[in-house]
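Asks: Predicted coordinates and the sequence they were generated for:
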2 protein chains.
Amino acid sequence: MWRAFTNPKLIAQWWGRGNKLVIERMEVERGGHWRFIEHSPNGVHGFEGRYREVTPPERLALTFEWDGMPGHVAVNTMTLEDLGDGRTKVVTTSLFHTTEERDGMLRSGMEQGVNQSYAALDALLAKPA
Amino acid sequence: MWRAFTNPKLIAQWWGRGNKLVIERMEVERGGHWRFIEHSPNGVHGFEGRYREVTPPERLALTFEWDGMPGHVAVNTMTLEDLGDGRTKVVTTSLFHTTEERDGMLRSGMEQGVNQSYAALDALLAKPA
């Protein structure tokens, strides 16, 4: 699971929800930058940020910014917990500067997008290694 | 005053508080990036962010991140108000994700740094054009 979040070749297979994802930059270390370009049927979308905490295999924190709303930055923290039996519990929190930004993100269709990403991640994990 | 905040040659003369400032990137437009390197007697410090709002001549909003605390992002908003007689009132607000980040920035010597920058800005403005 840690590799699915931190290996460019693996993240390219699920983060884009089935859309082509170009990894322009992905320096997985504290202070490193990331920048992904998603080629979706309704356009090309850039996303970027910086790694704030990289603690394998259980904790990853990074900033997240969509080109469409530049300067509006969320901090996403992912915690991975090994449940045994090959299962992992993923808890993600998103911290926004304001409640308006949080609500705007929710209204943007974030839930559907996240669900599509996780479905693609499930499919990737189901593949033979 | 607007130019002092948005022209690389001018900002290099005051933002670094008398220290050498290298402007690596400064795209003054909504969504543009900036990255400055300050060469101070106690080390080299990188700062970066992205322009969120560029409304000349009165309002500039940008994100601000110091390499020493990557992923901790403040939103700085500067409002310039013409008071006449060649005077301008500058109001800056900094929005942090958490009170801990705000207090950490205050404890870092921010007040002294800002005062040094504004003293250098005053000196620049006092120069014959």
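Replies: Yep, that arrived. Residues are numbered from 1 along each chain as shown, chains lettered A, B, ... in the order given.

Asks: Quick one: residues in contact with the longest strand along chain A.
Replies: Of all the segments of type strand in chain A, defined by DSSP state E, the longest one is strand A:43-55. The list of residues contacting strand A:43-55 from outside it, by Cβ atoms under 8 Å, 6 or more residues apart in numbering or on different chains, reads A:6, A:25, A:27-38, A:59-68, A:73, A:75, A:77, B:65, B:70-72. Any C-beta I mention is one placed from the backbone N, CA and C, and that applies to glycine too.

Asks: Relative to chain B, how far out is the residue of chain A most remote from its centre?
Replies: Computed with Cα atoms, centre = their mean, the residue of chain A farthest from its C-alpha average is residue A:85, at 24.4 Å. According to Cβ to the nearest Cβ, to the nearest Å, residue A:85 stands 33 Å off from chain B.

Asks: hmm, back to that, after the longest strand of chain A, next one along is what?
Replies: Sequence order places strand A:59-66 as the next helix or strand after strand A:43-55, per DSSP states H and E.

Asks: quick one on the thing from earlier: which among the contacts of strand A:43-55 count as buried?
Replies: A:6, A:28, A:31-38, A:60-66, A:73, A:75, A:77, B:65, B:70-72 (16 or more other Cβ atoms under 10 Å in any protein chain shown).

Asks: near chain B, which residues of chain A show up?
Replies: Applying Cβ under 8 Å from any Cβ of the partner chain, one finds that chain A approaches chain B through A:30-32, A:49-53, A:61-63, A:65, A:67, A:70-73, A:75, A:95-98.

Asks: give me that answer again for 7 Å
Replies: Residues of chain A found near chain B (Cβ under 7 Å from any Cβ of the partner chain) are A:30-31, A:50-52, A:61-63, A:67, A:70-71, A:73, A:75, A:95, A:97.

Asks: And the residues you listed, which is closest to residue B:2?
Replies: residue A:71 (18.4 Å; Cβ to Cβ).

Asks: Would you confirm that the closest one contacts residue B:63?
Replies: Yes - contact criterion Cβ atoms under 7 Å: residue A:71 and residue B:63 qualify, at 5.0 Å.

Asks: shared neighbours, those two?
Replies: Taking Cβ atoms under 7 Å, 6 or more residues apart in numbering or on different chains as the contact rule, residue A:71 and residue B:63 both touch B:50, B:52, B:75.

Asks: Please name the bridge partners of the first one.
Replies: Under the criterion DSSP bridges, residue B:50 forms beta bridges with residue B:33.

Asks: same thing with the last one?
Replies: The bridge-partner assignment for residue B:75, based on DSSP bridges, gives residue B:63, residue B:95.

Asks: surely it meets residue B:95?
Replies: Yes - with contacts counted by Cβ under 7 Å, residue B:75 reaches residue B:95, the gap being 4.3 Å.

Asks: Give me the buried positions along the helix or strand residue A:5 falls within.
Replies: With elements taken from DSSP H and E, the one containing residue A:5 is helix A:2-6. Neighbour-count burial for helix A:2-6, with 16+ other Cβ under 10 Å as criterion, is recorded at A:2, A:4-6.

Asks: List the contacts of it.
Replies: A:10-11, A:14, A:28, A:56-57, A:60, A:78, A:80, A:121, A:124-125.

Asks: Output these in a markdown table, with secondary structure and pLDDT appended to each entry.
Replies: Shown next, in a markdown table, are the contacts of helix A:2-6 (DSSP: H, G, I helix; E, B strand; the rest coil; pLDDT from 0 to 100):
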| residue | secondary structure | pLDDT |
| --- | --- | --- |
| A:10 | helix | 96 |
| A:11 | helix | 97 |
| A:14 | coil | 96 |
| A:28 | coil | 98 |
| A:56 | coil | 97 |
| A:57 | coil | 95 |
| A:60 | strand | 98 |
| A:78 | strand | 97 |
| A:80 | strand | 97 |
| A:121 | helix | 95 |
| A:124 | helix | 94 |
| A:125 | helix | 92 |
